[in-house]
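Student: I need the structure of the sequence given here:
(one chain, ligands or ions: 1)
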Amino acid sequence: MSKSWALTLKLPKSTFPPRPQPQRRDEYIQRCADDFYKWQAANRPADGTFVLHDGPPYANGSLHAGHALNKILKDIILRVKVQQGRRVSYIPGWDCHGLPIELKAVGAAAGKRMSAGAIRKAARALASKTIMEQMKSFRTYAVMSDWDRRWTTMDPEYEMRQLRLFQKMIGRGLVYRRYKPVYWSPSSGTALAEAELEYSENHISKAAYVKFPVSLDGHAISGMEHLTGSLYAVIWTTTPWTLPANQAVAVHEDFTYHIVRSGDDALLVAEGCLARVAKVLWGEETAPEIIASVKGTQLTRFTYTSVLEGRKANLRPIFHAPFVTAESGSGLVHIAPGHGFDDYLVSRSLGLPVSAPVDNDGLFTEDAYPDNPEKLRGISVLQGGSDAVLKLLGDHVLDVHNYKHKYPYDWRTKQPIIIRATAQWFADVGIIKQEALAALDQVRFVPEAGKNRLESFIKGRSEWCISRQRAWGVPIPALYTSNGEAVMTEESIDHIISVIKKRGIDAWWTDAPNDPAWIHPSLLGRNDQGTPLEYTRGKDTMDVWFDSGSSWTQMDGQADVYLEGSDQHRGWFQSSLLTRVAAMVNQNATSASTTTALGLSPFKTLITHGFTLDQDGKKMSKSLGNIVSADQVMDGSLLPSLKTKKKAKDGANAPVIKDALGPDALRLWVISSEYTRDIVLGEPVLKAIHQSLIKYRVIIKMLTGSMHKSARTSPLTTLDHIAIFQLRDAMEEVGKHYDNYDFNKAFSSLNRWITNDLSAFYIEALKDRLYCVDGGGVLEPIFMGVLRMLAPITPVLVEEAWDHRPAWMKEDPSVLHPLHQLYNSPVIDPSRLTLDELELRADMPTLMKAHAAIKLAAETARENKAMGSSLQCSVVLAVPKDSKSFELFKKYKDDLADMFVVSSVELIGEGPSVENLGVDVWRYDQTFEVDGLELKASVLPPKQAKCPRCYRYVAPEPEVLCGRCEHLVGEAVE
Ligand SMILES: [Zn+2]
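Tutor: Below you'll find the predicted structure:
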């Protein structure tokens with residue numbers, strides 16, 4: 001083209017850069033996150049504020065991609081709500097107490113030498129520092145929030161609310177203290193909840209068959225008259241270290257037990273277990289000699305002696321327990337109520353003592369072996385304890401072997417735990433179970449499967465061990481008398497809260513142990529002997545799940561949404577639900593049916609997301625070393641570097657430029673994922689994300705460069721109408737998916753519209769008018785529509801696009817910032833749409849079919865080198881003359897060439913003339929079907945010469961302008 005013609009064109013002019021400029025990023029983030037949050041809080045109505053209650057991340061360590069997934073999903077939801085006209089409230093929180101922070105702050109060994117006050121000081125400092133670091137990172141994701149109003153579980157006000165909640169539960173009789181077995185971690189020196197365990201499938205225990213002497217207590221067994229030795233009960237245990245705590249042997253009343261000769265003695269083994277036991281004790285060759293057989297019910301009349309009791313040995317009971325099976329062991333089960341949950345429950349009904357001669361560090365106490373305390377005292381039950389016990393048992397041990405099985409570990413220290421009876425505080429969640437389950441019936445779950453999962457956790461739990469033996473936490477406000485009795489009433493807690501208000505919570509640990517200021521006056525006095533009553537303050541802290549679970553106390557009512565990883569079904573979701581139901585449920589109601597569960601749940605909608613996996617589908621973990629940080633996604637370092645055109649100087653290596661697409665890349669990864677499952681983060685996924693982002697940038701550059709103010713008043717063509725209808729459809733679909741939390745479907749719908757309707761159809765068809773004629777069209781409504789659809793997912797890109805809008809748009813205050821626009825407000829003044837929408841919509845499928853057929857035919861022609869640009873052809877549509885389609889194409893005949901991006905379109909009724917078309921030149925046909933009729937699009941050589949200005953083949957002769965261009969250029973000159 002000669003330069004003079006180029007000057008008469010309206011070629012796109014845009015300042016929008018091909019890739020984001022790092023130096024502008026912070027400014028854009030500030031505008032689209034912090035500033036935007038403030039704007040909506042001031043400009044959207046306060047009524048019906050949408051509350052997304054933050055599940056607090058743990059203030060320990062740096063962030064990974066999973067944190068980003070969580071915060072960005074929340075941010076998308078909030079932005080969708082603001083677009084719907086709602087005000088949103090999102091206040092970030094942090095979970096600050098507990099062992100990991102304590103350990104990190106002081107170290108395991110140092111902690112033992114430090115005072116509680118010093119530990120708390122160090123832990124608080126670490127948590128405070130981590131919060132600031134994490135918050136800084138969250139903000140780089142362009143996540144909006146009320147950062148300055150953040151809450152943490154170590155805020156004094158937070159702790160007060162938590163203590164008030166605890167006080168309420170005490171008042172309702174939902175908290176009790178009991179000496180009973182709990183999960184105990186010797187490595188962290190504290191009780192643990194089920195939620196703090198992980199299981200190893202490959203744990204190896206030292207298992208043993210051990211015999212206990214049985215006393216028939218005067219009952220005779222026929223067949224045993226000639227036995228000269230003793231009768232022994234054979235038990236099998238995988239934890240020989242629990243034998244000092246043995247209190248009984250359980251059998252099954254329906255089993256038959258054989259009495260088998262063993263030298264002069266005899267052994268008791270269940271019939272169903274005999275083969276297994278005999279093989280271990282005597283090898284496969286020897287058949288055991290059965291002297292006599294008895295029923296399990298008969299055995300329960302006998303007693304036995306626990307050998308380790310030594311001189312003080314009492315006769316112990318043998319009783320029936322339903323959990324005894326023949327699947328393993330001997331069919332006789334060693335019962336240690338202090339070291340097993342089943343053992344405890346079955347023993348309680350029989351009134352058996354509960355003993356656990358093991359201390360906080362997992363070492364035997366002197367009670368483990370009363371005859372000679374030094375033999376076991378101080379030995380670790382997990383390291384050497386079983387060996388030491390077996391050694392003491394001497395020839396009562398029949399066999400010892402290694403046994404691989406599933407075993408619980410401390411999720412923080414990764415060390416095995418034990419079950420150990422201690423005095424702990426429990427919340428009675430069994431009483432409120434029905435109300436908690438009923439409350440869930442009114443909750444919407446995304447995905448729906450979350451309901452079953454949460455329900456199963458609630459159903460499976462009757463009590464919640466809420467005390468921990470740590471210094472860094474909220475105290476359980478209990479007082480103990482000199483003989484160890486616990487005092488905790490609403491009144492005593494009320495008094496303690498008032499002292500904490502005055503002295504600060506650390507004083508609970510740092511004040512003198514018997515400081516009477518902490519004691520409610522009604523408790524002070526003298527005992528029967530006339531000595532003043534003294535109390536000490538308890539040292540237990542609350543389970544951190546109780547801390548975070550009470551976060552709902554900050555809200556006036558229910559949250560609209562709770563959104564966390566699916567592991568929170570057994571953690572925060574559960575503790576939040578249980579504490580709220582405990583506090584709110586009508587205790588006077590006699591049954592669940594009379595209790596309304598309405599509004600009891602802290603959340604109306606519960607959304608869960610999966611975990612992040614590496615590109616091989618493996619869960620990211622520190623030990624695998626495959627953790628990907630959000631920064632790596634934002635700075636492009638996971639992808640190949642960009643090719644640079646700059647030559648390196650002096651033979652040095654060319655500078656490496658990373659394809660850093662910033663927070664929008666991270667956010668697009670989130671939205672493109674099916675987040676309700678575990679999601680993959682790796683190079684292939686990121687490449688696809690980058691392609692999408694670059695495509696959005698190309699579109700935005702084109703739009704910002706080609707929007708003209710004059711287009712606002714130029715008449716709309718059929719093509720423009722179609723583009724508006726397609727835009728509206730896409731926006732409706734995308735908006736519906738956003739509203740339904742189906743973000744990846746919104747992403748697909750958006751991309752489909754951009755690729756098919758916008759890029760391949762409308763923009764292609766509009767180019768001639770845009771650049772060569774009046775610059776009209778509906779690019780401005782499309783620009784607004786695109787930005788509205790992108791606003792929740794790529795707010796930084798939207799802010800950047802807005803910054804690069806044409807000057808005339810900047811001068812027009814009536815155009816709202818895209819983030820401030822309501823999603824459903826019209827993108828165009830409806831009065832400008834002059835065509836009948838229903839009629840055009842009915843015709844659109846036929847026009848699109850013709851378009852597709854022409855494209856296909858032209859593609860074949862191009863492959864055969866018959867033509868180059870799509871304008872370099874003419875098209876003939878052959879349509880039966882009396883058909884509806886013929887009328888349809890006739891109606892739009894003036895628009896067809898533009899719409900199909902060809903130089904001319906001729907409509908002919910079918911007949912012999914069709915076959916004669918182009919006999920002397922090339923021709924490519926493509927049929928398509930409408931209303932059951934076969935229509936044909938033929939692509940032929942152009943009929944006229946190429947116009948040097950618009951490139952359409954409509955000029956009378958080469959190098960001469962077409963009539964239209966001649967006219968337009970002439971007008972411009974005048
Ligand atoms: Zn022309």
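Student: so after the longest strand along the chain, what's the next helix or strand?
Tutor: Longest strand in the chain by number of residues, with DSSP state E as the criterion: strand 197-215. Downstream of strand 197-215, the next assigned helix or strand under DSSP states H and E is strand 231-237.
Student: which other residues reach that following strand?
Tutor: 207-214, 216, 224, 243, 249, 259, 262, 265-269, 277, 304, 318, 328-330, 332-334, 396, 398 (Cβ atoms under 8 Å, 6 or more residues apart in numbering). Quick note: C-beta positions are derived from backbone N, CA and C, even for glycine.
Student: part of a strand, is residue 377?
Tutor: No. Counting by DSSP: H, G, I helix; E, B strand; the rest coil, residue 377 is not found in a strand; it is coil.
Student: who's in contact with it?
Tutor: Contacts of residue 377 (Cβ under 8 Å, 6+ apart): 363-366, 368-369.
Student: quick one: which of the residues you listed is most hemmed in?
Tutor: residue 368 (27 neighbours; other Cβ atoms under 10 Å).
Student: Run the chain-centre distance for the helix or strand residue 508 falls within.
Tutor: If you go by DSSP H and E, residue 508 is part of helix 507-510. Remark: helix 507-510 is offset 37 Å from the chain centroid, using Cα atoms, centre = their mean, to the nearest Å.
Student: Which strands and helices lie in contact with it?
Tutor: Helix 507-510 sits against helix 116-140, helix 490-503, with contacts defined as 3 or more Cβ pairs under 8 Å, 6 or more residues apart in numbering; DSSP states H and E.
Student: Note down every partner strand of the helix or strand just after the longest one and its orientation.
Tutor: Of the helices and strands lying after helix 116-140 in sequence (DSSP H and E), the nearest is strand 151-152. Under the criterion DSSP bridges, strand 151-152 sits next to strand 93-94 (parallel) in its sheet.
Student: could I get the helix or strand that the partner strand is followed by in CSV with only the CA atoms?
Tutor: Counting by DSSP H and E, the next helix or strand C-terminal to strand 93-94 is helix 99-106. Taking Å, rounded to 0.1, in the frame of the first residue of the first chain, the C-alpha atoms of helix 99-106 are listed here in CSV:
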residue,chain,number,x,y,z
LEU,A,99,2.7,-26.2,69.7
PRO,A,100,4.3,-25.6,66.3
ILE,A,101,4.7,-21.9,66.9
GLU,A,102,5.9,-22.6,70.4
LEU,A,103,8.4,-25.1,69.2
LYS,A,104,9.6,-22.9,66.4
ALA,A,105,10.0,-19.9,68.7
VAL,A,106,11.9,-21.6,71.5
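Student: Who are the packing partners of helix 99-106?
Tutor: Under the contact criterion of 3+ Cβ pairs under 8 Å, 6+ apart, helix 99-106 touches helix 116-140.
Student: residues of the helix it packs on that come out buried?
Tutor: For helix 116-140, the neighbour count (16 or more other Cβ atoms under 10 Å) marks 116, 118-124, 126-127, 130-131, 134-135, 137-140 as buried.
Student: which of the residues you listed are close to the ion?
Tutor: Counting by Cβ under 5 Å from the ion, nothing from these sits close to the ion.
Student: For the residue found closest to residue 782 once you drop the neighbours it is linked to in the chain, which residues are in contact?
Tutor: For residue 782, ignoring the flanking residues on the chain, the nearest one in space by Cβ to Cβ, 6 or more residues apart in numbering is residue 727 at 5.9 Å. Shown in contact with residue 727 (Cβ under 8 Å, 6+ apart): 753, 757-758, 778, 781-782, 785, 827.
Student: By proximity to the ion, which residue of the stretch 601-750 of the chain wins?
Tutor: As assessed by Cβ to the ion, the ion sits closest to residue 717 within the stretch 601-750 of the chain, at 17.6 Å.
Student: Is that residue in contact with residue 897, as I believe?
Tutor: No. Residue 717 is not in contact with residue 897 according to Cβ atoms under 8 Å; the separation is 11.9 Å.
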